[in-house]
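> got a sequence here, can you model it:
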Amino acid sequence: MTASAAPSIDFVRFALEQGVLRFGSFKVKSGRVSPYFFNAGLFNDGASMGRLASFYAGALLDSGVSFDMLFGPAYKGIPLATAVAMALASDPRRAGRPVPFAYNRKEAKDHGEGGTLVGAPLKGKVVIVDDVITAGTSVRESVDIIRAAGAEPAAVLIAMDRMERAGPDDALSAHSAVQDVSRTYGIPVVSIASLTDILTLLEDAPEFGDHRGAVLAYRQKYGV
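Prediction:
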């Protein structure tokens, strides 16, 4: 892609280069066989995590969402929120203003400061940072934690929106997991990229053209 490509397309290309996005035949958690697979856990070195964080920060700032701090749900959200806070602090649009962040433990600590929360106190408008939304369980738990602290969930920030409905083939949900989260909690879900961006890349990149038909068919069957 050229330097003038949209940030979302640049991100899809970056995910491919890192092996985070792959095409083929993959059995996913839902039991479906997907023609593509996105595993953000493979952003696993300092350079790739730094660039990933800059994409997250850019997507959040471009969205116009008003926020005061970040929250990373255990476990994947912990390094993500940390890295994104760093990227936001160095973004010129933030004028050097620090971005507090916090995260939770899966089990409460019974010594030291105790409790399940680590980092800055949860207050103001809080953005939840995660990789993807599947069942929405992580978001629900995060919203409960944020509200219990007297703060306000402002948005969910994710890397990839699969734009995919849940449920068995004969009883698919009316909305995608992302749409359900937004409707349930009344907050926006901001994604760096989506299935639409993957299809755009497949259309523009001949080396991946053989996979476009399978991805289109999958979207026609399960997409929103």
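> now do the longest helix along the chain: everything it contacts.
Identified as the longest helix of the chain according to DSSP state H is helix 46-63. Residues outside helix 46-63 that contact it (CB atoms under 8 Å, 6 or more residues apart in numbering) are 7-8, 10-11, 14, 18, 40, 43, 67, 79-80, 83-84, 86-88, 91, 93-94, 127, 129, 155, 157, 159, 188, 190-192. C-betas here are computed from N, CA, C, even on glycine.
> can you list contacts of the helix or strand of the chain with the lowest mean pLDDT?
Least confident helix or strand of the chain, by mean pLDDT, DSSP states H and E, is strand 101-109 with a mean of 83. Strand 101-109 is contacted from outside by 69-75, 77-78, 81-82, 84-85, 114-122, 141-142, 145, using CB under 8 Å, 6+ apart.
> can you flag the buried ones in those?
The neighbour-count test (16 or more other CB atoms under 10 Å) applied to these identifies 69-74, 77-78, 81-82, 84-85, 117, 119-120, 122, 142, 145 as buried.
> please enumerate the helices of this structure.
Along the chain, the segments classed as helices by DSSP H run 7-17, 46-63, 77-89, 137-148, 177-185, 195-204, 212-222.
> ok so, going back, angle of the least confident helix or strand of the chain against helix 137-148?
Put simply, strand 101-109 runs at 90 degrees to helix 137-148, going by axes from the mean of the first three to the mean of the last three CA atoms, to 10 degrees.
> roughly how far is strand 101-109 from the heart of the chain?
Remark: strand 101-109 is offset 19 Å from the chain centroid, using CA atoms, centre = their mean, to the nearest Å.
> do you know how far Arg212 is from Asp161?
Computed with CB to CB, to the nearest Å, the distance linking Arg212 and Asp161 is 19 Å.
> which strand residues bridge the spatially most central residue of the chain?
By CA atoms, centre = their mean, the chain has its centre lying nearest to Ile158, at 1.5 Å. For Ile158, the beta-bridge partners under DSSP bridges are Ser191.
> need the nearest residue in space to Asp197, chain neighbours excluded.
Nearest non-adjacent residue to Asp197, counting by CB to CB, 6 or more residues apart in numbering: Ser8, 4.4 Å away.
> report the separation between that neighbour and Ala193.
4 Å.
> between those two, point out the one with more neighbours.
Counted by other CB atoms under 10 Å, Ser8 and Ala193 do not tie: Ala193 has more neighbours, with 27 against 23.
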